[in-house]
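> below is the structure, and that's it, no one-letter string:
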């Protein structure tokens, strides 16, 4: 299996071999997360305490929302007197073509520290910039395994859109529109030195970004939880607490964006969902993300939307292997306890689907105008790659087809 072509939770500080795990017990694990979190109102002012004034800094950002919500002004005020350059325009699903320009600029200006100010896409893109500035290869070579990340320009983050957890992990997902591919890379070298999480920076987010972010966070947890039992009670309870919080707080944050408590709980949920802790020592799936990436690559559908489409199909088609954890999830998160096992599984999936729709996200391919032709292209791509997905590596291209056809 070419690991550069999969989205797994190998964050380099957490190494799990799902296929060799003892199914009756939590596996050995090596967990390490060095990212300092500065959480709360006004914490952007702490930037000078964590960036040396003798370092040349490149601030990176996306489409310019930070100019409208006051975050840019806070950052510039905190870094007054610093040698700063800027690179804007990093897209949602960051494009390698854009990031190549940033790498070129960073090398030319001899940048010594990177500060992404934005959401997961800006942070992911900046991770590639940080790594690619230290190699002679094309940046895309990192994604396809032709270049190894041995060092990176140090970086911190100012998070303004909770979703990916990139602010506290070693992963990044990058798109190549020329080849219609979307791949991930992971390296401990690109883990941020610090991340600032101020819930007030999220007050002006559009509804769709909050909805996508909540669902992305939810599915991050599910990828590490809806597998099979290994008697990892702490991991399960941690995961369930995040899921319960999202079900409770997600709709509230969507309805009342300036409620500090709601936004705080959502923001912290997104970070702890993918900082490696709940996935330590337990089997991970990540098929939903792998499949979702292909829908985005071919059709341009938002990442969060693709996850809401795919996860119910994965749970439905793979229900026998995931049965125990689906039943546990249904009982503990949605209170599903009545009926036969199959009835409870169906009800659990329906309740999860309803939650996604409560967040304003459609959950069927046909609702996005996507049909059989795209399914055929995705299946063909996985047939050519020659590997199966899932915690047991039992999602074959044939089962992938069933999963997607289940979501038409």
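Received it, and whenever you're ready, just let me know what you need. These numbers were taken from a predicted model, which means no experiment stands behind them. Residues are numbered from 1 along each chain as shown.

> so what's residue 143 up against?
Under the criterion of C-beta atoms under 8 Å, 6 or more residues apart in numbering, the contact list for residue 143 reads 4, 96, 128, 174, 176, 183-185. The C-beta positions use only the backbone N, C-alpha and C, and glycine is treated the same way.

> residue 205 against residue 162, yeah?
No - counting by C-beta atoms under 8 Å, residue 205 sits too far from residue 162 to count as a contact (9.1 Å).

> which residues do the two both contact?
Shared contacts of residue 205 and residue 162, counting by C-beta under 8 Å, 6+ apart, come down to residue 213.

> neighbour count: the two, which is higher?
Comparing residue 205 with residue 162 by other C-beta atoms under 10 Å, the one with more neighbours is residue 162, at 30 against 22.

> what residues are up against the residue most central in space within the chain?
Nearest residue to the geometric centre of the chain (C-alpha atoms, centre = their mean): residue 164, 3.1 Å. Residues near residue 164 by C-beta under 8 Å, 6+ apart: 119-121, 123-124, 173, 216, 220, 270, 274.

> quick one: residue 408 from residue 402, how far?
Separation of residue 408 from residue 402 (C-beta to C-beta, to the nearest Å): 11 Å.

> and stretch 314-322, how far out from the chain middle?
22 Å (C-alpha atoms, centre = their mean, to the nearest Å).

> measure it end to end?
End-to-end distance of stretch 314-322 (C-alpha to C-alpha, to the nearest Å): 10 Å.

> of all the residues in it, which ones are buried?
314-319, 321-322 (16 or more other C-beta atoms under 10 Å).

> in helices only, show me those.
314-317, 319, 321-322 (DSSP state H).

> any chance of those residues in JSON lines, with distance to residue 29 and pLDDT too?
Shown next, in JSON lines, are these (distance: C-beta to C-beta, whole Å; pLDDT from 0 to 100):
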{"residue": "314", "distance to residue 29": "24", "pLDDT": "98"}
{"residue": "315", "distance to residue 29": "25", "pLDDT": "98"}
{"residue": "316", "distance to residue 29": "30", "pLDDT": "98"}
{"residue": "317", "distance to residue 29": "29", "pLDDT": "98"}
{"residue": "319", "distance to residue 29": "27", "pLDDT": "98"}
{"residue": "321", "distance to residue 29": "22", "pLDDT": "97"}
{"residue": "322", "distance to residue 29": "21", "pLDDT": "98"}
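
> how near is the residue lying closest to residue 299 once chain neighbours are set aside to residue 296?
Excluding the flanking residues, the one nearest residue 299 by C-beta to C-beta, 6 or more residues apart in numbering is residue 370, at 5.6 Å. Relative to residue 296, residue 370 is positioned 11 Å away (C-beta to C-beta).

> confirm the residue nearest to residue 299 sits in a helix?
No - Residue 370 is assigned coil when assessed by DSSP: H, G, I helix; E, B strand; the rest coil, not a helix.

> quick one: low-confidence residue ranges for the stretch 251-400 of the chain.
Applying pLDDT under 70 to the stretch 251-400 of the chain flags no residue at all.

> circling back: which one of the contacts of residue 143 has the most neighbours?
Ranked by the number of neighbours (other C-beta under 10 Å), those place residue 128 first, at 27 neighbours.

> who's in contact with that one?
Residue 128 touches 94, 96, 99, 103, 139, 142-143, 172, 174, 185, 190, counting by C-beta under 8 Å, 6+ apart.

> in helices, which of the residues you listed fall?
Judged by DSSP H, helices contain the following of the contacts of residue 128: 96, 99, 103, 142-143.

> just those residues now: which is nearest residue 287?
Within the ones in helices among the contacts of residue 128, distances to residue 287 taken as C-beta to C-beta reach their minimum at residue 143, with 19.4 Å.

> what sits closest to that closest one if chain neighbours are left out?
Spatially, and ignoring its direct neighbours in sequence, residue 143 is nearest to residue 183 (4.3 Å; C-beta to C-beta, 6+ apart).

> what is the host helix or strand of residue 116 packed up against?
In the assignment (DSSP states H and E), residue 116 maps to strand 113-119. Here strand 113-119 touches strand 57-60, helix 65-68, helix 71-78, helix 120-132, strand 157-161, going by 3 or more C-beta pairs under 8 Å, 6 or more residues apart in numbering; DSSP states H and E.

> farthest pair within the ones in helices among the contacts of residue 128?
Spatially, the most separated pair among those is 103 and 143, at 13.3 Å (C-beta to C-beta).

> hmm, back to that, isn't the residue nearest to residue 299 up against residue 294?
No - using C-beta under 8 Å, residue 370 is not in contact with residue 294; the gap is 11.1 Å.

> dump the contacts of residue 143 into JSON lines; add pLDDT and distance to residue 115 as well.
As requested, these are exported to JSON lines (pLDDT from 0 to 100; distance: C-beta to C-beta, whole Å):
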{"residue": "4", "pLDDT": "32", "distance to residue 115": "27"}
{"residue": "96", "pLDDT": "97", "distance to residue 115": "21"}
{"residue": "128", "pLDDT": "98", "distance to residue 115": "15"}
{"residue": "174", "pLDDT": "96", "distance to residue 115": "19"}
{"residue": "176", "pLDDT": "95", "distance to residue 115": "25"}
{"residue": "183", "pLDDT": "93", "distance to residue 115": "25"}
{"residue": "184", "pLDDT": "94", "distance to residue 115": "22"}
{"residue": "185", "pLDDT": "96", "distance to residue 115": "20"}
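
> can you give me the strands for the chain?
For the chain, the strands defined by DSSP state E cover 36-39, 57-60, 84-87, 113-119, 157-161, 171-176, 181-186, 194-197.

> picking up where we left off before, chain center to the strand holding residue 116, what's the gap?
Centroid displacement of strand 113-119 relative to its chain, using C-alpha atoms, centre = their mean, is 16 Å.

> let me know the angle separating it from helix 71-78.
In terms of direction (axes from the mean of the first three to the mean of the last three C-alpha atoms, to 10 degrees), strand 113-119 departs from helix 71-78 by 150 degrees.

> okay, how far is it across stretch 330-348, tip to tip?
5 Å.

> repeat that for stretch 63-79.
End residues of stretch 63-79 are separated by 21 Å (C-alpha to C-alpha).

> give me the buried positions along that stretch.
Buried positions in stretch 63-79, judged by neighbour count with 16+ other C-beta under 10 Å: 65-66, 69, 71-72, 74-75, 78-79.

> also stretch 167-187?
In stretch 167-187, the ones that count as buried by 16+ other C-beta under 10 Å are 167-176, 181-187.
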